[in-house]
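Visitor: Build the 3D model from these lines:
(one chain, ligands or ions: 2)
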Amino acid sequence: MLNIRVEKTQNPKKKPAKGDKLGFGHIFTDHMFMMNYDEGQGWHDARIVPFQNITLSPAAMVFHYGQTMFEGLKAYKGDNGEVYLFRPDMNAKRANNSNKRLCIPSIPEEDFVQAVKAVVDIDRDWIPDEPGTSLYIRPFVISTDDHLGVAPSKSYLFMVILSPSGAYYESGLAPVGIWIEDDYVRAVRGGIGFAKTGGNYAASLAAQVKAHDDGYSQVLWLDGVERKYIEEVGAMNIVFKISGKIVTPMLNGSILPGITRDSVLTLCRDWGYEVEERKISVDELIEAAHNGTLEEVFGTGTAAVVSPVGKLRYKNEVFEIGGGKIGELTQKLYDELTGIQWGKRPDTRGWRQTV
Ligand code: PLP
Ligand code: COI
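Guide: Ligands and ions are numbered 1, 2, ... in the order given. Sure, this is the predicted structure:
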């Protein structure tokens, strides 16, 4: 259990007004959580302080070698004013899986969740309550030693910042277009693809820019070795409904084990769908698109929630899915998941936690 010191802001910021367009990740609340790590001392000095800039040496290792980890989850405001988190224990576990791969000291899971809850509690008035909005929570660790040798840092900073946000995609729940990337790759097995760390996102930018320039929202990655098997999208996992079955790439070490992915697959299984987590070649996908058995495509992610995909581009071909409209199962999953997250539907699996 952390002993968290709290320093409240003397200059509260103006909160967005009802009806303001929030976008994603532009606005930050009044406070943030911080905790230091030093070799020999462990994690120490847990505190909540006013949101502010931090000072680091230009030699800080995070700037040079990217030894860093981040997480993403959301706080939701229910109709009765209660504040909910969705499966924060899963984020704490995944944070430590990333930490381990990156030689970052682990954070006790209960401390991670306590830190998140404490800072959300202090800034609970910042949680927007209009449909589709929530408080995006970004916990992260950076390596802070000022040292240019390539080695694990001996000091770190764990922080949690909060951002009132709307839909991740400007289009909201309207189907997005996805570019299947056959040139650049994001990750390979044995690398860091399964970890939530800056390098994976840096590696994704060039392809994303290319896709954006062509009017696509994100990139769908193929495996880094054969460029043949479907992996995941820039900020979400990908799920297909093919001939009535739910098919998604298995967790193979190079894709992120999404918490939304896990939740959506659980719902599908509970609803009686056959769910296959396996290798899917891009050829199989294209064949299914051609012969009409590709019924629905959607992405899953904390920021993206359940996002219908209405268009796929591979090499020079473009495939329309579901006439550009949201599929029936996609909509049902969106409604059930957000219903649980916002406290509007019963939570029979212990996924929702109250702050
Ligand atoms: N894949 C990538 C690359 C992501 O950045 C995210 C977002 O967190 C996801 C998948 C979805 O993961 P989750 O559902 O845990 O948010
Ligand atoms: C999330 O969904 O939490 C993410 O981290 C996606 C993101 C990279 C914006």
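
Visitor: can you dump the C-alpha coordinates of whatever helix or strand Leu329 lives in into PDB?
Guide: Taking DSSP states H and E as the definition, one finds Leu329 inside helix 328-341. Extracted in PDB, the C-alpha atoms of helix 328-341 (Å, rounded to 0.1, in the frame of the first residue of the first chain):
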ATOM      1  CA  GLU A 328     -24.700  -6.000 -36.200                       C
ATOM      2  CA  LEU A 329     -22.300  -7.800 -34.000                       C
ATOM      3  CA  THR A 330     -19.900  -4.800 -33.900                       C
ATOM      4  CA  GLN A 331     -22.800  -2.600 -32.700                       C
ATOM      5  CA  LYS A 332     -23.900  -5.200 -30.100                       C
ATOM      6  CA  LEU A 333     -20.300  -5.500 -28.700                       C
ATOM      7  CA  TYR A 334     -20.000  -1.800 -28.600                       C
ATOM      8  CA  ASP A 335     -23.300  -1.400 -26.700                       C
ATOM      9  CA  GLU A 336     -22.500  -4.200 -24.200                       C
ATOM     10  CA  LEU A 337     -18.900  -3.200 -23.500                       C
ATOM     11  CA  THR A 338     -19.700   0.500 -23.100                       C
ATOM     12  CA  GLY A 339     -22.800  -0.500 -21.100                       C
ATOM     13  CA  ILE A 340     -20.700  -2.300 -18.600                       C
ATOM     14  CA  GLN A 341     -18.000   0.400 -18.600                       C
END
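
Visitor: what does it contact?
Guide: Contact with helix 328-341 is made by 74, 76, 84, 86, 134, 173, 241, 260, 263-264, 267-268, 273, 296, 298, 305-306, 308, 326, 344-347, 351-352, as judged by C-beta atoms under 8 Å, 6 or more residues apart in numbering. In this view, the C-beta of every residue, glycine as well, is placed from N, C-alpha and C.

Visitor: so which strand or helix has Ala203?
Guide: helix 198-213.

Visitor: Which of the contacts of helix 328-341 are buried, as a PyMOL select command?
Guide: Buried members of those can be picked out in PyMOL with the line below, counting by 16 or more other C-beta atoms under 10 Å:
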select buried, resi 74+76+84+86+134+173+241+260+263+264+267+268+296+298+305+306+308+326+351+352
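
Visitor: how about the helices of the stretch 1-150 of the chain, start to end?
Guide: 61-65, 88-101, 109-122 (DSSP state H, counting those that start in this stretch).

Visitor: for the record, mean pLDDT for the helix holding Leu329?
Guide: For helix 328-341, mean pLDDT is 95.

Visitor: Any part of that helix near ligand 1?
Guide: No. Using C-beta under 6 Å from any ligand atom, we find that helix 328-341 stays clear of ligand 1, coming within 10.3 Å at best.

Visitor: give me every residue that touches the nearest residue to Lys196 once chain neighbours are set aside.
Guide: Using C-beta to C-beta, 6 or more residues apart in numbering and skipping the chain neighbours, the partner closest in space to Lys196 is Ser98 (5.0 Å). Ser98 makes contact with 69, 71, 104, 195-197, according to C-beta under 8 Å, 6+ apart.
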